[in-house]
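Asks: Sequence and predicted model, in that order:
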Amino acid sequence: MTPACRVSRESITALTQMLPREKTHGWSHELEVLVTIYWLACGASYRVTADIFHIPLATVCRIIHKVVDEMMSIIHNVIHFPRQEEMEDIGAGKLFPSIILQGICDAKGRFIDVYVGNPGSVHDALVLRRSPIYQQALYPPAGYFLLGDGGYPCLQHPVAVMTPYRQPVASQVEARYNRHHAKGRNIIQRAFGILKTRWRSIFLRALEIRPIFAPKVVAACCILHNICVAAGDIMEEEGGPQMEDGDEHDDAEVDRRDLAGGDVQARLAAQLSAPDELPACLSEHDYI
């Protein structure tokens, strides 16, 4: 059953131990978790899942909704901002079938924030402005910034987001900045790639569920992703990570709360091209 669930036994055990255990009768908690993970991994209908486990159809529906709701109760234990001593490079990005998942991850590809539920037609910049991280200026702390693709505005406040320069770039300085930006942003692209590979039936197929339940299902996949990363249960994305030199930019409306990040972007670009001391991970051999 573990191969069909697309997660290791260690990851399943870790999730089971983290979820509330208030059952005193009925199906075992372990079986309920297994049924839910199988449904997420295979994208099967409730009826097919019921036949696989020999459980009544109505019970399978109840079990899946119950376990997903339990997972929502631990989401902030699994997906959370790092402490100051844990600060690392992070990335921001998006993935959308019919609803948008805006995610931020750390250098290991673990999600530290997710915001799910906007329709796929909503512009990236508007999704950002609707999210708690923007509305409440939750992250990152002063002196740090997020890397976002060209669909996001370049900002200093209320959330610091650095984006690539528009194509065509005006100089080698901007081109070099874009290359380093793409390398850093590759982490979030790979995280989304792994998410789609492991839960392809959720992200690449139409789901036979009510729209109001869909954001919880997507968030549950993100919780499982972090649990798998912590357990060393890594699945390579199909096709391998994609490196991009830059992204298309769409003009977004300016919000009165925005403080543009162009000055910070320019200083970063200049430092990359004429650094006093550059971290080893950013070193190149063609500085001028």
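Replies: Happy to help now that I have it.

Asks: Please make it C-alpha for all contacts and neighbour counts, starting now.
Replies: Fine.

Asks: Give me the sheet partners of the strand of greatest length in the chain and which way each runs.
Replies: If you go by DSSP state E, the chain has its longest strand at strand 111-119. Neighbouring strands of strand 111-119 in its sheet, by DSSP bridges, are strand 99-105 (antiparallel).

Asks: I'd like the average pLDDT over the strand it pairs with.
Replies: The average pLDDT within strand 99-105 is 93.

Asks: Same check on stretch 172-186?
Replies: Averaged across stretch 172-186, pLDDT comes to 93.

Asks: circling back: residues contacting the longest strand of the chain, please?
Replies: 79-82, 98-106, 127, 131, 214-215, 218-219, 222, 226 (CA atoms under 8 Å, 6 or more residues apart in numbering).

Asks: right, and the secondary structure at Pro164 would be what?
Replies: coil (DSSP: H, G, I helix; E, B strand; the rest coil).

Asks: can you tell me how far it sits from Ile187?
Replies: 15 Å (CA to CA, to the nearest Å).

Asks: Could you tell me the angle between the longest helix belonging to the chain and strand 99-105?
Replies: Longest helix in the chain, counting residues (DSSP state H): helix 172-198. Here helix 172-198 points in a direction 120 degrees away from that of strand 99-105 (axes from the mean of the first three to the mean of the last three CA atoms, to 10 degrees).

Asks: Would you mind naming the residues that bridge with the most centrally placed residue in the chain?
Replies: Centroid-nearest residue in the chain: Gly103, 3.4 Å away (criterion: CA atoms, centre = their mean). Note on Gly103: beta-bridge partners Gly93, Val114, judged by DSSP bridges.

Asks: how close does it sit to Asp113?
Replies: Distance of Gly103 to Asp113, computed by CA to CA: 6 Å.
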